[in-house]
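Asker: Sharing a model prediction with you, sequence too.
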Amino acid sequence: MPRKILIPLYGHEVAPRFDLASEAAIVSADHDGTWGKKIVVLAQVSAEKLCHMILTKDVDTVICGGIEDPYYQYLNWKRIRVYDSVIGPWKQGVEQLLNNKLYPGAIVGQQEESKSNGR
Amino acid sequence: MENHCQHLISGLLDAPVSAEAVFDEIPTALILLDARRQIRYMNRAASALTGYSTQEAKNMACHNIVRARAYLKDSPVSKISPDTGPVCVHSDLINRERQRIDVRITIIGLFDPDGRCLGYVDAIEDLRAAAQPETQMHPAFGFAGMIGKSPDMVSIFRTLPLIAQNHSPVLITGETGTGKDLAARTIHENAGRARGPFVKINCGALPETLLESELFGHLKDAFPGATENRQGRFRLAHNGTLYLAEIGDLPLALQARLLNLLDNNTVYPMGGTRGFQVDVRVIAGDHRNLEQMAEQGRFRKDLLFRLNMVRLHLPSLRHRGDDISLLTEHFLHKFATGFGKDIPKTAPETLDLLSTYPYPGNVRELRNIIKYAVNVCRQHQIQPDDLPAYLSRKVNPAAGAADPDTQPRPVPGTVSGTAQHSAEEAATWAETEKQMIIDALVRTGGRRNKAAALLGWGRSTLWRKIKQYQIQ
């Protein structure tokens, strides 16, 4: 069964805040390392709505930035693996996850895109 | 800032000092950013707040380390220019420990003489410690220091937090002593800009020329005697609240300037052409009927409409029913504790007397009455005789001519009892007090020690008041 990964987005980056993301990427990854993406624009910015979407879309892994503890605990309780406090371009985050190199708090591709996106 | 030798503050002290030694000990989180909002340095307090070390944060985009709502939604950074001061916003952030923390962020732009942005300093205050417990903020029958349980006041207590949360100008009306200043401060303290300055100016207290300089500031040599630049109250209240008391006393010319300022949020100091953008919430207060003044041409209608966006009318004390007894108990407890006296309650007949008085000076007058009564009271209950004499005279104007048997009996050994009779004719509080002192001195044969003891005052207080009233 392919993995389903959700990443809240802020432009090309993993959204710094789970509760403030207005769009999310849903990635379906096969065992051979290939993956496809779908970008979903959220009707409403809300941590609750995002949690609901994660459950209804059968997501098994979430890569996100800052997330409040109640939502983190809730997703864990629902057996969803959460990699939080991840900083950097979301595609590189997915690559690192599929290569088993991602960990909570990881800073991926920090010196390139993060700099260019400084606001 | 990994190398101490590379970051020195020089030119201020005899020898250069390490920047870390200065910034790391400051308890407020400070972040130094370059023009692209990448973190160059953050102090120890910022590390503790965000959960990231200085090294981890270095060269990272600020919004990835300080995950504040304000940086991600409607970032205030775009509002900063050489013509604006710091921008303050109330926001929240989620730190590495997954805690959501309420913060107040002050963003200061750093510019070179040509106006080119060199970077920013962000100061982030953790508001968790400042948050007061709900019970302390909202005691029973009150709201943030205002006390009352009458329907009018309950309605005001419900409205105040809502008024506080928006940024519109507020006009507070009500008779003198109803608590306009307190209401203005309450609005400020319950707003997002509570940590900013609360600046008050009484428009009736200064002549027009001084008032203009006080409000808007002036440049050096703008007028004779202006020996240096002066920031006006509007600039002092930047990111906070400016309370204009007695707005009706503002001259018409200044009303036009105030209107202009409210429209474009720019202060032009006297003698200057360059404006300064301010973010100030204006609260105005007056005890007069501003609509009537506008009809008479003494107050600009357009300014009234601008200020009247949110209106708060404070009821007079005589229309607040049971609030009189509630406030009496409150002030009694406050002053008895303050003066170290054991006066737990007020006699029922005293409360009856207090509840029938019309209080032209409203809550302020009631407070002063109770303060006086606590001062002169020598028992464990406030008796009618402990109240200022003018009170019983106004409540019952015929008392002086009434049957002597119906008059309150003087309490032996107290001044107020004997003073009351002679003070019946006194028109003001000062005269009443003066008469009390004279009575005490007559009774004690001019011995000040005994007179002071009889009045319940210290010797120095009596001496000061004798001098004040020029009693020979």
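Answerer: Ah, there it is.
Asker: ok now do the residue of the stretch 51-200 of chain B found nearest chain A, which residues does it touch?
Answerer: With Cβ to the nearest Cβ as the measure, B:I94 is the residue of the stretch 51-200 of chain B nearest to chain A, at 3.5 Å. Where C-beta positions appear, they are placed from N, C-alpha and C, glycine not excepted. Residues near B:I94 by Cβ atoms under 8 Å, 6 or more residues apart in numbering or on different chains: A:R17, A:F18, A:D19, A:G66, A:I67, A:E68, B:R67, B:R100, B:I101.
Asker: Where does B:V199 sit, in terms of helix or strand?
Answerer: Assigned by DSSP states H and E, B:V199 falls within strand B:198-202.
Asker: Using neighbour counts, pick out the buried residues of whichever helix or strand comes after that strand.
Answerer: Next along the chain after strand B:198-202, taking DSSP H and E as the criterion, comes helix B:208-216. Of the residues in helix B:208-216, B:L211, B:E212, B:S213, B:E214, B:L215, B:F216 count as buried by neighbour count, 16 or more other Cβ atoms under 10 Å in any protein chain shown.
Asker: Report the beta-bridge partners for the residue of the stretch 51-200 of chain B closest to chain A.
Answerer: B:I94 has the following beta-bridge partners by DSSP bridges: B:R100.
Asker: Next: B:Q231.
Answerer: Following DSSP bridges, B:Q231 is listed with bridge partners B:G217.
Asker: And it, how close does it get to B:D14?
Answerer: The spacing between B:Q231 and B:D14, counted by Cβ to Cβ, to the nearest Å, is 31 Å.
Asker: just A:A47 next, same as before
Answerer: Look at A:A47 and B:D14: by Cβ to Cβ, they are 54 Å apart.
Asker: Please name the bridge partners of the residue of chain A found nearest chain B.
Answerer: Per Cβ to the nearest Cβ, A:G66 is where chain A lies closest to chain B, at 3.5 Å. In this entry, A:G66 is beta-bridged to A:R17, by DSSP bridges.
Asker: That one: neighbour count?
Answerer: For A:G66, the count of nearby residues is 30 (other Cβ atoms under 10 Å in any protein chain shown).
Asker: For the residue nearest to A:S46 when sequence neighbours are not counted, give me its contacts.
Answerer: The spatially closest residue to A:S46, leaving aside those adjacent along the chain, is A:D19, at 6.9 Å (Cβ to Cβ, 6 or more residues apart in numbering or on different chains). A:D19 makes contacts with A:V45, A:S46, A:A47, A:L50, A:I67, A:E68, A:Y71, B:I94, as judged by Cβ under 8 Å, 6+ apart.
Asker: Quick check: PyMOL command selecting the buried ones in those.
Answerer: PyMOL command restricting the contacts of A:D19 to the buried ones, with burial defined by 16+ other Cβ under 10 Å:
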select buried, (chain A and resi 45+47+50+67+68+71) or (chain B and resi 94)
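Asker: Okay, and which of the contacts of A:D19 map to strands?
Answerer: For these, membership in strands holds for B:I94, with DSSP state E as the criterion.
Asker: can I get the contacts of A:D19 in CSV with pLDDT?
Answerer: Rendered in CSV, the data for those read as follows (pLDDT from 0 to 100):
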residue, pLDDT
A:V45, 90
A:S46, 92
A:A47, 94
A:L50, 94
A:I67, 95
A:E68, 94
A:Y71, 94
B:I94, 95
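Asker: what residues does chain B put near chain A?
Answerer: Proximity of chain B to chain A, by Cβ under 8 Å from any Cβ of the partner chain, involves residues B:36-38, B:56, B:59-64, B:67, B:69, B:71-73, B:75, B:77, B:93-100.
Asker: so A:T61 touches A:I5, yeah?
Answerer: Yes: with contact defined as Cβ atoms under 8 Å, A:T61 reaches A:I5; the gap is 4.6 Å.
Asker: Give the residue from the two that has the larger number of neighbours.
Answerer: Looking at A:T61 and A:I5 with other Cβ under 10 Å, you find the greater number of neighbours at A:I5, namely 24 against 20.
Asker: Quick check: neighbours shared by A:T61 and A:I5?
Answerer: Where contact means Cβ under 8 Å, 6+ apart, the residues bridging A:T61 and A:I5 through contact with each are A:L97.
Asker: ok, back up a step: and B:Q231 and B:D14? Which one has more around it.
Answerer: Looking at B:Q231 and B:D14 with other Cβ under 10 Å, you find the greater number of neighbours at B:Q231, namely 14 against 5.
Asker: pLDDT wise, what is the more buried one at?
Answerer: At B:Q231 the predicted local distance difference test score is 82.
Asker: show me what contacts residue 51?
Answerer: The chain I'm using is chain A. Contacts for A:C51 were tallied using Cβ under 8 Å, 6+ apart; they are A:Y71, A:Y74, A:L75.
Asker: I was thinking of chain B, sorry if that wasn't clear
Answerer: Neighbouring residues of B:G51 by Cβ under 8 Å, 6+ apart: B:N95, B:R96, B:E97.
Asker: Among those residues, show me the least confident.
Answerer: Of all those, the one the model is least sure of by pLDDT is B:E97, with 86.
Asker: so which helix or strand takes in that residue?
Answerer: B:E97 is part of no helix or strand, with elements assigned from DSSP H and E.
Asker: Surely B:N43 is in contact with B:P27?
Answerer: No: the pair formed by B:N43 and B:P27 falls short of the contact definition of Cβ under 8 Å, at 9.4 Å.
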